[in-house]
Structures are given as structure tokens and as C-alpha cells.
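> Sequence plus predicted model, see below.
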Amino acid sequence: MLFTCLFFVFFSGNSIFSIPIFLFLFSLSFLIRYKEITDLTIPNINKPGSRFVKETFDYILAVISFIVLLPILIIVVFLILITMGWPFLYSQHRIGQNGKSFRLYKFRTMNKAKSDISVSASELERISRLGHFLRKTKIDELPELLNIIRGDMSFVGTRPDVPGYADKLKGDDRIILDLKPGLTGPASLKYVNEEELLSKVENPIKYNDEVIFPDKVRINKAYMKDWSFWLDIKIIIYTILRKSLKDEFLE
């Protein structure tokens with residue numbers, strides 16, 4: 001497998017992608033070769049081998065993705081600057097693994113440099129036309145690749161909540177804090193149109209607290225129990241395809 005990886009890299013030219021491609025292929029071959037040791041196919045993300053596999057995959061894929069998507073990131077920065085001005089990013093405190101706070105990065109989507117985390121439908125009125133596009137396509141979340149590289153987040157997991165929501169977790173529900181928050185996840189796929197859903201209810205905050213949030217907790221607990229490397233791959237692919245898991249996963 002190592003020879004195959006080297007062969008691919010050497011014959012792919014001297015592009016800037018050669019090194020990360022080699023690292024990705026070599027690491028993936030390592031994970032597949034030793035899956036019987038790391039329990040790749042055995043559910044339960046709390047196993048040491050499972051965490052090693054997940055974190056190694058996260059780092060390598062995040063670095064490669066950032067390099068490949070860099071031209072798009074630069075274009076988005078330029079468009080934000082000419083349509084909304086400075087700043088092009090906003091950072092915000094979110095709750096991460098073990099309840100620790102970290103700074104989450106996103107592209108700015110509002111005309112005013114103001115937090116856009118509220119579930120209130122009135123917030124939608126302040127989103128720019130470009131911001132609507134960035135949110136709809138999830139491009140606004142691409143800076144979170146930096147959070148993954150830094151080790152704050154994972155590709156797949158629970159979405160990072162604002163301070164206060166973690167306090168709502170009681171008893172066994174707090175187990176989801178053992179996970180690094182994710183760029184995507186099974187709960188995110190089920191509620192892929194969450195903003196649109198909230199805009200149609202009379203009291204978005206109440207609906208989120210009483211319906212959506214508890215359901216997300218249930219889904220994320222089931223994800224932790226049934227985790228496998230291949231499930232993460234499936235969720236990432238479904239995220240790219242904008243396909244929901246609601247009809248075939250955790251129901």
C-alpha cells in the first residue's frame with residue numbers, strides 16, 4: 001500500500017497537492033490495514049482506538065480540504081469585503097468537548113457585524129443577499145476547517161452550541177459533551193433546513209428548546225453509540241450531496 005501511495009504521488013506531478021495527497025492516502029491505508037486493531041467497525045466512539053482513527057482522519061482531511069478550497073475561500077472573502085465591508089469573518093464563543101469554550105469561525109453573513117446565532121426569525125431580515133447564498137450552500141461554515149485543524153472540532157459530531165445550551169443537558173444527556181463538536185452530523189442532516197423551519201413557527205425559540213434541541217440530543221447519543229469510521233464517511237458524503245438521513249438513520 002505504501003508503494004501504491006508513493007507511485008500515485010510521484011506520477012501526479014510536482015503540484016502543491018502532492019504532499020497532502022500522499023499523507024491522506026498513506027494514513028487511510030494505515031487505518032484500513034489496522035482496522036482490526038483500532039476496532040473501526042465496532043460501534044462506540046469512546047474506545048481509544050476509535051478516537052485515534054477519528055482525530056487522525058479529521059486533521060488530514062481538514063488540511064487537504066483547506067488547501068483545495070483555498071481559491072474559493074479567497075473569492076468569498078473578496079465578495080464579502082465589497083458587499084458588506086470589514087470584517088469578513090466573525091468569531092464567537094461556543095461550547096466544545098468536555099464543556100470547554102472555544103472560538104468558532106464563520107464567514108460573515110449579516111450587513112451588520114453582529115452575532116447571527118439567534119433562532120429568532122427576525123434575524124433573517126439582517127442577512128445580506130450574499131449571506132443568504134452562503135448560508136444556503138453552507139459555504140459560510142468553511143472557516144470551521146481552521147477549528148478542525150486546531151483540534152477544537154471534528155468533521156462529524158454535534159453542532160457546537162452557544163453557552164447556556166450545555167446547561168440544559170441533564171443526566172445521561174451530558175455524554176454528548178464527550179464529543180468534539182462537528183462541522184456536520186446526523187442531527188444537522190435531519191434539520192438541514194432548520195432556519196426555514198423556525199421561520200414558519202409562531203415561537204421559534206420555544207420550538208427549538210422543546211422540539212428540535214431534545215431531538216438533536218437523542219440523535220447525537222445514538223450516533224455516539226453506533227459510531228464507526230464508515231458512518232462518518234457516509235455522513236460527510238450525505239452532507240456534500242445535501243441529502244437527509246432522516247428516513248434511514250436513527251429513527
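Nice, thanks for sending it over. Values in this document were obtained by computation on a predicted structure and should not be read as measured data. Numbering: from 1, shown residues only.
> Let me see the mean pLDDT of whatever helix or strand L81 lives in.
For L81, the host element (DSSP states H and E) is helix 48-83. For helix 48-83, mean pLDDT is 93.
> So which elements touch that helix?
helix 18-33, helix 35-38, strand 101-107, helix 129-137, helix 144-150, strand 154-156, helix 229-241 (3 or more CB pairs under 8 Å, 6 or more residues apart in numbering; DSSP states H and E). C-betas here are computed from N, CA, C, even on glycine.
> Just the CA atoms of whichever helix or strand comes after it, as CSV, please.
Counting by DSSP H and E, the next helix or strand C-terminal to helix 48-83 is strand 89-95. What follows is strand 89-95, C-alpha atoms only, in CSV (Å, rounded to 0.1, in the frame of the first residue of the first chain):
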residue,chain,number,x,y,z
LEU,A,89,-15.1,36.7,9.5
TYR,A,90,-16.8,36.7,12.8
SER,A,91,-15.7,34.6,15.8
GLN,A,92,-17.9,33.5,18.6
HIS,A,93,-17.6,31.5,21.8
ARG,A,94,-19.2,28.1,21.5
ILE,A,95,-19.2,25.1,23.9
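> okay, and for this protein, where does confidence drop off?
Within the chain, the stretches with pLDDT under 70 are 1-44, 113-124, 244-251.
> Residue nearest the middle of it, spatially speaking?
Centroid-nearest residue in the chain: L183, 0.5 Å away (criterion: CA atoms, centre = their mean).
> Find the helix or strand that that residue is a member of.
strand 182-184.
> which other residues reach that strand?
141, 144-145, 148, 153-159, 188, 235-236, 239 (CB atoms under 8 Å, 6 or more residues apart in numbering).
> so what strands line up beside it?
Sheet partners assigned to strand 182-184 using DSSP bridges are listed as strand 154-156 (parallel).
> what distance separates the strand holding L183 from the centre of its chain?
2 Å (CA atoms, centre = their mean, to the nearest Å).
> Tell me the first helix or strand C-terminal of that strand.
Strand 182-184 is succeeded, C-terminally, by helix 186-190 (DSSP H and E).
> Now do that next one: distance to the chain's middle.
On the basis of CA atoms, centre = their mean, helix 186-190 sits 11 Å off its chain's mean C-alpha point.
> Report the buried residues of whichever helix or strand comes after that helix.
Next in sequence after helix 186-190, counting helices and strands by DSSP H and E, comes helix 194-199. Buried residues in helix 194-199, defined by neighbour count with 16 or more other CB atoms under 10 Å: 194-195, 198.
> if we can go back for a sec, ok and the helix holding L81 relative to helix 229-241, angle-wise?
Relative orientation of helix 48-83 versus helix 229-241 (axes from the mean of the first three to the mean of the last three CA atoms, to 10 degrees): 10 degrees.
> So what's the residue count around R242?
12 (other CB atoms under 10 Å).
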